[in-house]
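> task: produce atomic coordinates for the following.
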Amino acid sequence: MHRGFKREVLLSKRALSIPVTFLMLFVAMLGIISVTYYFAIEQVNSRSGMLKMATARQDMLALSESILQLVGHPGSARIFEISDSGGRINVQPAANILTLSITDGGEIADTTFNETIGQVIYELPFSETADTGLFLKGDSRTVVSQKSATITQLAIAKGDQNSEIQLRYRPKVSYVAAGVENGNPVNNIRIYIVNLNTSEQMSLYGKVPLRISCATIDVASLTYELSYAPEFLTVNSILGGSS
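Prediction:
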């Protein structure tokens, strides 16, 4: 490698592009329901549905924060209670495949991570909502940088039967220039992953207490020693089939 190679940090919906010689994956493993008469009834039902939606939204937002507060603290745990909003809470550890690959357009072309990282879904008690496609937190990007958006991806989506609130976590990438070794610049790339695939699978209605715990933090590392100065390394992320 050579000194002073061009450094670029590019962020797009598909990937982050950054120079690198050293890559680390930090995977936090976390485990975890008459005309007037009919018009009046319809109004009551509508207001009830709005209240249930608001409660479910607040619960899922609070749950997402509770999970993140335990990241980085192995052995820590807390109880979080999902309110009865008329729907069903689904914890799906075997869902949501995350595939991470890296390339510099030259010698480096590796798949560094490819497994399910789980998700939590609250299935709403109605099939349609005008809010389908709305992100309550985060956005559609499948990878984010250390200094940009939250890793939380919380959205209202159309499920197999009913509308649902989907909670997922996307990877976060950070870049650090780590000095010089043997006359060559060293650049560290760190990828942080919140992994829910050790959770207990469940599908429950009503008020549900959930025990959230941080089991371990697994660290995997890759080192690349290059004879040339790459201008960038592209980290591609495919999360739940989206890129």
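> least trustworthy helix or strand in this structure by mean pLDDT?
The helix or strand of the chain with the lowest confidence, counting by mean pLDDT, DSSP states H and E, is strand 10-11 at a mean of 42.
> residue 90 touches residue 123, doesn't it?
Yes. Taking contacts as Cβ atoms under 8 Å, residue 90 lies within contact range of residue 123: 6.2 Å. Quick note: C-beta positions are derived from backbone N, CA and C, even for glycine.
> more neighbours, these two?
Set side by side, residue 90 and residue 123 show unequal neighbour counts under other Cβ atoms under 10 Å, the larger going to residue 123 at 22 against 19.
> dump the residue contacts of the more buried one.
Residues near residue 123 by Cβ atoms under 8 Å, 6 or more residues apart in numbering: 87, 88, 89, 90, 159, 161, 162, 164.
> measure it to residue 60 for me?
In this view, residue 123 and residue 60 are 11 Å apart by Cβ to Cβ, to the nearest Å.
> quick one, what contacts residue 239?
Residues in contact with residue 239 (Cβ under 8 Å, 6+ apart) are 96, 97, 98, 142, 143, 153, 168, 170, 171.
> same for the longest strand seen in the chain, what does it pack against?
Selection of the longest strand in the chain by residue count, based on DSSP state E, yields strand 208-223. Under the contact definition 3 or more Cβ pairs under 8 Å, 6 or more residues apart in numbering; DSSP states H and E, strand 208-223 sits against strand 22-31, helix 35-70, strand 77-82, strand 88-92, strand 109-116.
> the same query, at a cut-off of 10 Å, please.
Taking 3 or more Cβ pairs under 10 Å, 6 or more residues apart in numbering; DSSP states H and E as the contact definition, the neighbouring helices and strands of strand 208-223 are strand 22-31, helix 35-70, strand 77-82, strand 88-92, strand 109-116, strand 184-195, strand 202-205.
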